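Participant: Quick one: sequence and predicted model below, then my questions.
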Amino acid sequence: MKTTAKIGCLLAIMTMIIVGCSTEKNTWINRNYHSLTAHYNGYYNANELIDQGMESYRDGRVENYYEILPIDPVPDTAEVAALYPALDTAIVKCKKVIKNHSMPSNDRPARKKSEHNRWIDENWTTIGIASYYRRDYEGAMKSFKFVRKFYSNDPSLYVGELWMAKTNIATGRLTEAKFNLDNLDKAIANEESAEEKGSKNKRSKIPGRKKKDDDDETAKVPKDIRFDLEKTKAQLALERGDRVKAIEYLEASLEHARFKDNVARVHFILGQLYSEEGDRPKATEHFTKVIKGRAKYEMVFNARLKRAFLGTGEKVKKDLHKMMKDPKNSEFKDQIYYALAEIEFNEGNDQAAVDNLHKSTFYSTSNTRQKGMSYERLGDYRFGRREYVQAQKYYDSCARVIKDTYPNADGIRGKAQSLAKLVVAVETANREDSLQRIAMMDESSREKFVKDEIKRIKKAEEERKRREAERLRELQENQNLSVDVGNGSKWYWNNPKVVREGTEEFRRLWGQRENEDNWRRSNKLDVNITLDSNDVVDGEEPVKAEDTLTVEHLMSFVPLTDSMMEASNTRLMKALFDAGRIYNDQLKEPALAKKQFEKALDKGIMSDPHDLLSAYQLYHMTKERDAAKAEGYKQYILVNYPNSDFANYLRDPDYFIKKKERDALAIQEYVKVLERYERALYYPVLTKANKVIDEEPDNIYRSKYMLLKAMCLGKTESDKKKLLPVLEMLVEQYPGTEEADRGQEMIDIINNGYSDNIVFEDNSGIFEFDERSKMRVIVFLPEGVSSQSGISRVSSFNNEYFNLEGLTLDTKLFGKDQESVIMIKEFEDEIKASTYITAFKNTQKHLLSLNEAKIFMISKENMATLFKRMSLQEYEDFYNEYY
């Protein structure tokens, strides 16, 4: 009997379980069984996976405290891959629950009119949230829209609406996000209004949504989303650039925060925003709350640091020094010193601030952002004091360490590059001036000076090595403090992580280097520039190598011969003039520019063209401010350079306009003469050439007419020695020009003749590639395009598209067939020449079919080689390989 009863009970229980498994019967036991399963097997477990994955991501996330922190950080495209397992498992769990436990079955969702399992909608929202974190925004939006459509009278509706706003913000649809958030605000307002009237049945839901059952009570907005709602509104405000609204929403979010919510992050962001808005008391208040609250140590440290930036006085500095002594802050010393520097600057203690900035760069071993900031601040300080040479060195150091993501990275690099030419000019002038002063000493004094200099250099080198050893020791001690705190290896080389980071940083700055002595030495300008003791930029190189510290080696740089002194004067005058132009034109420092030009004039080297150029610059700078001085410079030019263009301009202000007109006419006439030469009309060409050579000494094409005359004589005279007088005159009057070089080649051929023995010639290395060379562009005119037509087309093209480049045109004849070539010059580098060629090939306006002509960039040296050898194929091979 008892056995029968037990069997009956067991059968009854099994029957209840079987019946309970059905999703089509809406009974109490069915609903509770499937709801319990959907709650824990799906919703709960899936959210645990999501929370664990996001917690792991946020724990490992490196915050950028130099910028406004993201309100709710989410993984980017690269970071999200690590979360795929957790997120995908969560999605699978929820989908499985929806498939197996929806009541009634979810096989035909469009036909469902009700859902009896109260946890199915939460599973749908969980799928959407996991898809959002997975960056599958389309999938996330489908899930949230499904909830809004089929669960319009459930709290999940509001959760979905909030996450739709987040998804729209993430995809840049800010207007739609605002609509989502407004719907939630209206629902909350209607709910509060109904509560005030005491009438729950009249509460409204989200506008545009119909109740499933007019008798049902509208679902309330869950209170636990209010904190997240206000933060999302703040995020939208920040995306729109409205910091004031963002502050308002973040302050409101704190009113709805629960104990488990991350209010420290909100306080920190509020501190940052108030700081940017200039409200120091409020910023200080929120940073203080971070310090006193439950935040990670790094956030607390940065809150203390940013609070220090907002204050001044000994109390703040004392607090920073106290932070410095804490071993936990050993890796943050660079930031602490930077904060101290800013406080010193605010209090007017510039030298103390500079000292702290140097210490900041010293301790910045891995934080390239901070190192860059410290170098930039030093550069700005020197720039503000008009100490441009020192400023360039700091900007250059900053440019070497910063990444492309650094704020204004291009601007910093541009400053370093634009000031680099000034540094070269100033240091070259100082060097040449020093060498010339040494050269003026008597022999015994000179030798004594050099020996003393060697002693000074050796002593400085020893001091540098001592300081470097101290630096390494101090860095090691600081590293040991940091490692002690982290329970890692004390010795640098036994810590794989630190060694790897150091190796990567070294390669980023210096590239792959061989393991050899003096790996940093290169053929640089050998200049000693003396900075004050606090201005030695990190990484300063040794002044001299030991093997070069001999009297004989150092004396080899002193210009003791006439030729060496002449070369030194040329470098000195150019450097002084270049420095003056940069000061005046780029830096708008006329006083500093005048000093450079005056130094050039004081040298009294009238054989150098920069003497005249400097005098004219001084005249131009003083003519409106100091008429007496301007008149003095004017007379200097008129007396010493009476036939120069500048003298002619001072006599006739319209001189350059008239000269431009004459030059334009000259090129037209020259092109016509060249066309006659191409048609073998040699005698008319000779007549015109003789006229220009004898009567027009200022004609800009006079040297070309001389060469053209020689070429005509070569065509008409059997005795080639008759070419020699005009060729010798060309070489004598226009030395260094391309025409003179060509003329000298012709002289050598006439005098020496050609060898009958044909020797195999190795064509490798005929042309040289030098990326620093200035470039020209040559265009080979196709058949049917005359020189005059080609010049006209290219000139029109240049005037429209490259008017600011100051390009000039020239024509030449190439090869045995006397093919016409147009030369466009001059481009600063390969990049600008390449830009020109690209535009030339892709433009038909003005050029017409000429844009299909053969066109190359070429350096001056390679052009001389090309026209000497007259072999275009050789250059084409070289051009295709290198350009």
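Facilitator: Sure, I can see it.

Participant: going forward, measure contacts and count neighbours with C-alpha atoms only.
Facilitator: Noted.

Participant: Would you map the helices across the stretch 51-200 of the chain?
Facilitator: Along the stretch 51-200 of the chain, counting by DSSP state H, counting those that start in this stretch, helices occupy 84-101, 120-133, 137-150, 156-170, 174-197.

Participant: Pick the most buried one from these.
Facilitator: Of all those, helix 120-133 has the most neighbours on average by mean count of other Cα atoms under 10 Å, namely a mean of 26.

Participant: got the angle for that one vs helix 156-170?
Facilitator: Going by axes from the mean of the first three to the mean of the last three Cα atoms, to 10 degrees, helix 120-133 is angled at 10 degrees with respect to helix 156-170.

Participant: what are the C-alpha coordinates of helix 120-133, in CSV please?
Facilitator: Extracted as CSV, the C-alpha positions of helix 120-133 are listed here (Å, rounded to 0.1, in the frame of the first residue of the first chain):
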residue,chain,number,x,y,z
ILE,A,120,11.5,37.4,-21.8
ASP,A,121,11.6,41.2,-22.4
GLU,A,122,14.6,41.5,-20.1
ASN,A,123,16.4,38.9,-22.1
TRP,A,124,15.7,40.9,-25.3
THR,A,125,17.2,44.1,-23.7
THR,A,126,20.2,42.0,-22.5
ILE,A,127,20.8,40.9,-26.1
GLY,A,128,20.7,44.5,-27.2
ILE,A,129,23.1,45.6,-24.5
ALA,A,130,25.6,42.9,-25.3
SER,A,131,25.3,43.8,-29.0
TYR,A,132,26.0,47.4,-28.1
TYR,A,133,29.1,46.6,-26.2
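
Participant: hmm, who's touching that helix?
Facilitator: 35, 38, 42-43, 46-47, 50, 74-75, 80, 87-88, 90-91, 94-95, 97-98, 101-102, 137, 139-144, 146-147, 151, 156, 159-160, 163, 167 (Cα atoms under 8 Å, 6 or more residues apart in numbering).

Participant: mind checking which of the helices of the stretch 51-200 of the chain is nearest residue 621?
Facilitator: Closest to residue 621 of the helices of the stretch 51-200 of the chain is helix 174-197 (Cα to Cα; 55.0 Å).

Participant: Wasn't residue 403 part of a strand?
Facilitator: No - counting by DSSP: H, G, I helix; E, B strand; the rest coil, residue 403 is not found in a strand; it is coil.

Participant: Would you mind measuring from it to residue 835?
Facilitator: Residue 403 is 27 Å from residue 835, where distance means Cα to Cα, to the nearest Å.

Participant: next one: residue 700
Facilitator: On the measure of Cα to Cα, residue 700 and residue 835 end up 28 Å apart.

Participant: So which of these two has more stuff around it?
Facilitator: residue 700 (15 against 10; other Cα atoms under 10 Å).

Participant: show me the contacts for the more buried one.
Facilitator: Contacts of residue 700 by Cα under 8 Å, 6+ apart are 663, 666.

Participant: make it 10 Å
Facilitator: 659, 662-664, 666-667 (Cα atoms under 10 Å, 6 or more residues apart in numbering).

Participant: hang on, the earlier thing: for residue 410, which of the helices of the stretch 51-200 of the chain is the nearest?
Facilitator: helix 156-170 (27.9 Å).

Participant: does residue 714 really touch residue 722, like I thought?
Facilitator: Yes - counting by Cα atoms under 10 Å, residue 722 is a contact partner of residue 714 at 8.4 Å.

Participant: which residues touch the nearest residue to residue 341 once chain neighbours are set aside?
Facilitator: Among residues not flanking residue 341 along the chain, residue 353 sits closest, at 4.0 Å (Cα to Cα, 6 or more residues apart in numbering). Contact analysis of residue 353 by Cα under 10 Å, 6+ apart lists 337-347, 359, 378, 381.

Participant: Residue 824 in helix, strand or coil?
Facilitator: Put simply, residue 824 is strand when judged by three-state DSSP.

Participant: And the pLDDT for it?
Facilitator: Residue 824 carries a pLDDT value of 91.

Participant: who touches it in this structure?
Facilitator: Counting by Cα under 10 Å, 6+ apart, residue 824 makes contact with 775-779, 791, 794-795, 798, 807-811, 833, 836, 857.

Participant: List only buried entries from the residues you listed.
Facilitator: Burial by neighbour count, judged by 16 or more other Cα atoms under 10 Å, picks out 775-779, 791, 794-795, 798, 807, 809-811, 833, 836, 857 from these.

Participant: tell me the two of the residues you listed that are most distant?
Facilitator: Greatest spatial distance in the buried ones among the contacts of residue 824: 775 and 791, 19.1 Å, computed using Cα to Cα.

Participant: what are the C-alpha coordinates of the helix or strand containing residue 273, in CSV please?
Facilitator: Assigned by DSSP states H and E, residue 273 falls within helix 263-276. Included here for helix 263-276 are C-alpha records, laid out as CSV according to Å, rounded to 0.1, in the frame of the first residue of the first chain:
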residue,chain,number,x,y,z
VAL,A,263,30.1,58.5,-8.6
ALA,A,264,33.9,59.1,-8.3
ARG,A,265,34.2,59.2,-12.1
VAL,A,266,31.3,61.7,-12.3
HIS,A,267,32.9,63.9,-9.7
PHE,A,268,36.2,63.8,-11.6
ILE,A,269,34.6,64.7,-14.9
LEU,A,270,32.7,67.5,-13.2
GLY,A,271,36.0,68.8,-11.8
GLN,A,272,37.5,68.8,-15.3
LEU,A,273,34.5,70.6,-16.8
TYR,A,274,34.3,73.2,-14.1
SER,A,275,38.1,73.7,-14.5
GLU,A,276,37.6,74.4,-18.2
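
Participant: Need the three-state assignment for residue 236.
Facilitator: With three-state DSSP as the basis, residue 236 sits in helix.

Participant: Spell out which residues sit in contact with it, please.
Facilitator: 165-166, 168-170, 172, 174-175, 177-178, 181, 230, 242, 245-246.

Participant: so how far is residue 242 from it?
Facilitator: Distance, residue 236 to residue 242, by Cα to Cα: 9 Å.

Participant: can you pull the contacts of the nearest residue to residue 854 once chain neighbours are set aside?
Facilitator: Of all residues not flanking residue 854 in the chain, residue 780 sits nearest, at 5.4 Å (Cα to Cα, 6+ apart). Residue 780 makes contacts with 790, 811-814, 819-823, 850, 853-856, as judged by Cα under 10 Å, 6+ apart.

Participant: any idea which residue sits dead centre in this structure?
Facilitator: The centre of the chain sits closest to residue 410, judged by Cα atoms, centre = their mean, with a distance of 3.5 Å.

Participant: how close does that residue sit to residue 120?
Facilitator: Separation of residue 410 from residue 120 (Cα to Cα): 53 Å.

Participant: What's the first helix or strand after the helix or strand containing residue 227?
Facilitator: Counting by DSSP H and E, the element that carries residue 227 is helix 226-239. Remark: after helix 226-239, the chain's next helix or strand is helix 243-255, criterion DSSP H and E.

Participant: Determine how far that following helix lies from the middle of the whole chain.
Facilitator: 34 Å (Cα atoms, centre = their mean, to the nearest Å).

Participant: got the angle for that helix vs helix 226-239?
Facilitator: 170 degrees.

Participant: Convert the C-alpha atoms of helix 243-255 to PDB, please.
Facilitator: Provided in PDB are the C-alpha atoms of helix 243-255 (Å, rounded to 0.1, in the frame of the first residue of the first chain):
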ATOM      1  CA  ARG A 243      29.800  71.800 -21.500                       C
ATOM      2  CA  VAL A 244      27.300  73.900 -19.400                       C
ATOM      3  CA  LYS A 245      24.400  71.500 -20.100                       C
ATOM      4  CA  ALA A 246      26.800  68.500 -19.500                       C
ATOM      5  CA  ILE A 247      27.600  69.900 -16.100                       C
ATOM      6  CA  GLU A 248      23.900  70.400 -15.300                       C
ATOM      7  CA  TYR A 249      23.100  66.700 -16.200                       C
ATOM      8  CA  LEU A 250      26.000  65.300 -14.400                       C
ATOM      9  CA  GLU A 251      25.100  67.200 -11.200                       C
ATOM     10  CA  ALA A 252      21.600  65.800 -11.600                       C
ATOM     11  CA  SER A 253      22.900  62.300 -12.000                       C
ATOM     12  CA  LEU A 254      24.500  62.500  -8.500                       C
ATOM     13  CA  GLU A 255      21.000  63.000  -7.000                       C
END
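
Participant: Fine by me, we can end here.
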